[in-house]
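Novice: Return a 3D structure for these sequence lines:
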Amino acid sequence: MNDLEKLKYFLGTKVAKLKKGIFISQRRYVHDLLKEINKIDCKTTEVPIEQNHGIGSDEGCFNVNKGQYQRLVRKLIHLVHTRLDIAYVVSVVSQFMHDPRERHIQAMNRILQYLKTSTGRGLLFKRNEKLRM
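Specialist: Sure thing, here's the model as predicted:
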């Protein structure tokens, strides 16, 4: 067996060992996602979803590309592993994978605008000197 040294990246997740603990993030994954769908220069927003969003109603909305929508939702589900701040809104947009509408794409665009604002966020597992059982 070979010693592979310290873990730095795993499946698009950056692992950084800090004095405070271990920090994991998917900054590069977010950047690559925004670049892939031509949203790298999109405007930003401070929240991923509006309060009382009403995304579920589909009155007057047009159907959109189902395959493209499903692919993007799958990418966001992968991102939720390190970005718990988008877990709720990703669960909302994933409910419409069977019949996505224009309103759902608009909600997806807002999530992407939020991600652009907060690319460096992740999870910090704090170091604890005492082991509790």
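
Novice: how about stretch 44-55: buried residues?
Specialist: Using 16 or more other C-beta atoms under 10 Å as the test for burial, stretch 44-55 gives 45, 48, 49, 55. In short, each C-beta sits where N, CA and C put it, glycine included.

Novice: Can you add distance to residue 92, secondary structure and pLDDT and give those back as JSON lines?
Specialist: Shown next, in JSON lines, are the buried residues of stretch 44-55 (distance: C-beta to C-beta, whole Å; DSSP: H, G, I helix; E, B strand; the rest coil; pLDDT from 0 to 100):
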{"residue": "45", "distance to residue 92": "16", "secondary structure": "coil", "pLDDT": "85"}
{"residue": "48", "distance to residue 92": "10", "secondary structure": "coil", "pLDDT": "79"}
{"residue": "49", "distance to residue 92": "7", "secondary structure": "coil", "pLDDT": "76"}
{"residue": "55", "distance to residue 92": "6", "secondary structure": "coil", "pLDDT": "74"}
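
Novice: of all those, which comes closest to residue 79?
Specialist: Residue 79 has its nearest neighbour among the buried residues of stretch 44-55 in residue 48, at 11.4 Å by C-beta to C-beta.

Novice: who touches the closest one in this structure?
Specialist: Residues near residue 48 by C-beta atoms under 8 Å, 6 or more residues apart in numbering: 85, 86, 89, 110, 111, 114, 115.

Novice: Quick check: the farthest pair among these?
Specialist: Using C-beta to C-beta, the two most remote members of the contacts of residue 48 are 85 and 110, lying 13.4 Å apart.

Novice: which one of these two has more residues nearby?
Specialist: residue 110 (20 against 14; other C-beta atoms under 10 Å).

Novice: What is the top helix by length along the chain packed up against?
Specialist: In the chain, taking DSSP state H as the definition, the longest helix is helix 102-117. Applying 3 or more C-beta pairs under 8 Å, 6 or more residues apart in numbering; DSSP states H and E, one finds that helix 102-117 contacts helix 27-36, helix 66-79, helix 87-94.
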